[in-house]
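# Pasting the sequence and the predicted coordinates here, then a few questions.
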Amino acid sequence: MEIVDDIENCTPPEVQETAKLTTLNLLPQKSRKKYELSYKMFIDWCRTKKTNSFSENVLLAYFSELAEKYKSSSLWSQYSFLKSTLSIHNNINIETYPKLRAFLKRKSEAYQATKSKTFTPMEIDEFLSNAPDEMYLATKVALIMGIMGACRTSEIHAIKVNDIVDINKTMLVTIPVTKTKNVRKFTITGKFYNVVQKYINLRPPNVSTNSLFLNYQKGKCTCQNIGVNKISKMGKEIANYLKLPEAEKYTGHSFRRSSATILVDAGADITALKRHGGWKSTTVAEGYIDTSMKNKMDSANKIINAVQASSSSVGNTTENKEITNTNVDVKSLPFTIVNYGTVNVYVHNKT
């Protein structure tokens, strides 16, 4: 089974090679290997099944086997990889396979993604204020970058010193390379500024790298860069210091999720949230609003207040009706009923 199906046999070999290289460049540069590996796995599977077909039934059988060992999120990733590679290499559009998409959606119904836990403002302040700088200064800077800019782990790792501009005790930080290809900017002020500036001032004079994050030990920076994997473990490091339960569920992505949650709890709307985190998808951004504890409490209070107001109104109406509709001779009562709007005052008669 050929990777490239040459329909026109008269095409010169050099043109074919140029076309092949051009089509390969259509895949994302950063994750091209994942796409090609997924395609190779599918082609190898087809060979073992002795089929040259890319029909919907073949794809259904393939994904049915994958579903036995992959989670729903991984199935959708494989679908995305194959959608691109089959289109490029074989001119097949699997988006036109409704039964395949229905199968993947059905697998997603019972699946619940595990999300990184978030830090509260109080927990963030406690760590920044009390954790010793001699051990945790680099971690503090990563936390500040992640919280103030809603940064992903890869974005924190990619920050360079020249991405930070100091303007009168305010740092303007630019994130030039993002997942959505949109440049984002954010500022750092106050005591957060002092923490970051302290870390920058510890950079060795002979350091050759422009990366912001340098290895930090015993109050000193070395010339070695901090790797992205180490940054991804800083969430757990903070959770362990704070003695939070399930520390393993705090990851590098906790910074971004915490930033979004704090912003929403402070009253930000969907537009401000999308701009802050660079989200293109409204659905993803709305997920943070849906899980906002402040929003849940506000909604609960509105419902409770409405019910109580309705209950009070019904109670007053019922009480008035009971007095009005009674068959008792009012003149025989030892008191006089005086009504002031919704309030009944009982005045004892003089004997």
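Great, that's in hand. Residues are numbered from 1 along each chain as shown.
# List the residues that contact Asn93.
Asn93 sits next to 83, 86-87 when contact means C-beta atoms under 8 Å, 6 or more residues apart in numbering. In short, each C-beta sits where N, CA and C put it, glycine included.
# same check, this time on Ile164
171-174, 196, 200, 212.
# cutoff 10 Å now
145, 171-174, 188, 196-197, 200, 212 (C-beta atoms under 10 Å, 6 or more residues apart in numbering).
# so how far is Asn182 from it?
Between Ile164 and Asn182 the computed distance is 19 Å (C-beta to C-beta, to the nearest Å).
# that older thread, by neighbours, which of the contacts of Asn93 wins?
The residue in the contacts of Asn93 with the most neighbours, by other C-beta atoms under 10 Å, is Leu86 (19 neighbours).
# can you pull out the strands in the chain?
Residue ranges of the strands in the chain, as given by DSSP state E, are 164-166, 171-175, 184-188, 214-217, 220-225, 335-340, 343-348.
# and the nearest residue to Val228 once chain neighbours are set aside, how many neighbours does it have?
Counting by C-beta to C-beta, 6 or more residues apart in numbering, Val228 lies nearest to His157, which is 4.2 Å off, once chain neighbours are set aside. Neighbours of His157 under the rule other C-beta under 10 Å: 22.
# For His157, give its distance to Lys179.
When His157 is compared with Lys179 (using C-beta to C-beta), they lie 13 Å apart.
# Also Arg101?
24 Å.
# Looking at these two, which is more packed in?
Comparing Arg101 with Lys179 by other C-beta under 10 Å, the one with more neighbours is Arg101, at 15 against 12.
# check contacts around the more buried one.
Arg101 neighbours (C-beta under 10 Å, 6+ apart): 56, 76, 79, 94-95.
# Ranking by neighbours, what's the top pick from the residues you listed?
Tyr79 (21 neighbours).
# which among the contacts of Arg101 gets closest to Thr118?
Trp76 (24.3 Å; C-beta to C-beta).
# Report how many residues lie close to the residue nearest to that closest one when sequence neighbours are not counted.
Nearest non-adjacent residue to Trp76, counting by C-beta to C-beta, 6+ apart: Leu104, 6.2 Å away. By the criterion of other C-beta under 10 Å, Leu104 has 17 neighbours.
# So Leu104 is in contact with Leu75, correct?
Yes - in terms of C-beta atoms under 10 Å, Leu104 counts as a neighbour of Leu75; the distance is 5.7 Å.
# count of residues packed around Leu137?
Under the neighbour criterion other C-beta under 10 Å, Leu137 is assigned a count of 20.
# check contacts around it.
131, 195-196, 198-199, 202, 216, 219-221.
# what's the closest non-adjacent residue to Thr222?
Asn215 (4.5 Å).
# Settle this for me: the one you found is touching Leu202, isn't it.
No - the pair Asn215 / Leu202 is not scored as a contact, 11.2 Å apart, by C-beta under 10 Å.
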